[in-house]
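Chemist: here are the coordinates; sequence isn't available:
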């Protein structure tokens, strides 16, 4: 229980971003976030560090056009 999803949700919401964070069956985490590039870059920097209990081995970012489908940043409790 490293609280990485909660950490991500708090940081993304604090930056005013919208999207979701989800655990994957393989132990990785998926984050989809929309907002100003500067704020997204700040989130990526925070994700590299993670929560105090987390061990972050790698963060990969893929930039895409925002869809506008997200209204706030939430934790998705389904597993991909």
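Modeler: Perfect, I can see it now. This structure is a prediction, so every number in the text was calculated from the model and none was measured. Numbering: from 1, shown residues only.

Chemist: for residue 28, list the residues it contacts.
Modeler: Shown here is residue 28, which makes no contacts under the criterion CB atoms under 8 Å, 6 or more residues apart in numbering. To be clear about C-beta, it is placed using only N, CA and C from the backbone, and glycine gets the same treatment.

Chemist: looking at it now. What's its pLDDT?
Modeler: Reported pLDDT at residue 28 in the predicted model: 90.

Chemist: go on, residue 21?
Modeler: Looking at residue 21, its pLDDT stands at 97.

Chemist: same question for residue 2.
Modeler: At residue 2, the predicted lDDT confidence score is 73.

Chemist: same check on residue 38?
Modeler: Model confidence at residue 38, given as pLDDT, is 98.

Chemist: report the separation between it and residue 51.
Modeler: Relative to residue 51, residue 38 is positioned 23 Å away (criterion: CB to CB, to the nearest Å).

Chemist: neighbour count for these two, which is higher?
Modeler: residue 51 (17 against 8; other CB atoms under 10 Å).

Chemist: neighbours around the nearest residue to the more buried one once chain neighbours are set aside, how many?
Modeler: Take residue 51 and drop its neighbours on the chain: the residue closest to it by CB to CB, 6 or more residues apart in numbering is residue 7, 3.8 Å away. Residue 7 has 19 neighbouring residues, counting by other CB under 10 Å.

Chemist: surely residue 7 is in a helix?
Modeler: Yes - under DSSP: H, G, I helix; E, B strand; the rest coil, residue 7 sits within a helix.

Chemist: who are the contact partners of it?
Modeler: 50, 51, 54.

Chemist: so who does the last one touch?
Modeler: Contacts were defined as CB under 8 Å, 6+ apart; by that measure residue 54 touches 2, 3, 4, 7.

Chemist: check the second one too.
Modeler: The neighbours of residue 51, taking CB under 8 Å, 6+ apart as the test, are 2, 3, 4, 6, 7.
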